[in-house]
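Asker: Mind looking at a prediction? Sequence and model below.
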Amino acid sequence: QVQLVESGGGLVQAVESLRLSCVYSGATFRITAMGWFRQAPGKERELVARTRSDGSINYIQPVKGRFTFSRDNGKNTMYLQRNALKPEDTGVYFCNIQGRLEYDPVNYWGQGNQVTVSS
């Protein structure tokens, strides 16, 4: 059974930093991408940062230069370091793993972690 367990959210002041962690287990399929999404109040879930199997990392424009995606394969953990936080970064953050089990695509999510940035 695939599990993604997140930690590290909370309430912070603007310009502070916070790191999210996501420990994943049970992923016996071929992983093609992993990353972080967020959902602000009243808005749709959006991609924040993602790495693909070729090692490339992509960020959405609003977080470039402030957020950093990383992973520790030995610990089966991915991270999202967020610096210079802004109130518009407030939302529920989800880690995500995508892959293929034989020929079928698979998609798994963490439980979500609330981050609130006050001005």
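Answerer: Done, it's in.

Asker: the strands in the protein, which residues?
Answerer: 3-7, 10-13, 18-25, 30-39, 46-52, 57-59, 67-72, 77-82, 91-101, 104-109, 113-118 (DSSP state E).

Asker: buried set for the fourth one?
Answerer: Of the residues in strand 30-39, those with enough neighbours to count as buried (16 or more other C-beta atoms under 10 Å) are 31, 33-38. Quick note: C-beta positions are derived from backbone N, CA and C, even for glycine.

Asker: ok, and the helix or strand in the protein with the lowest average confidence?
Answerer: strand 10-13 (a mean of 91; mean pLDDT, DSSP states H and E).

Asker: Now do the same contact list for the spatially most central residue of the chain.
Answerer: Nearest residue to the geometric centre of the chain (C-alpha atoms, centre = their mean): Trp36, 2.1 Å. With contact taken as C-beta atoms under 8 Å, 6 or more residues apart in numbering, Trp36 is in contact with 20, 22, 47-50, 69, 78, 80, 93-96.

Asker: ok, now Val5?
Answerer: By C-beta under 8 Å, 6+ apart, the neighbours of Val5 are 22-24, 110-111.

Asker: now do 6 Å
Answerer: The neighbourhood of Val5, defined by C-beta atoms under 6 Å, 6 or more residues apart in numbering, consists of Val23.

Asker: what do you get for the one 3 residues further on?
Answerer: Contacts of Gly8 were listed using C-beta under 6 Å, 6+ apart, and they are 19-21.

Asker: who's in contact with the least confident helix or strand of the chain?
Answerer: Here strand 10-13 has contacts from 18, 85, 116-118, using C-beta under 6 Å, 6+ apart.

Asker: That concludes my questions; thank you for your assistance.
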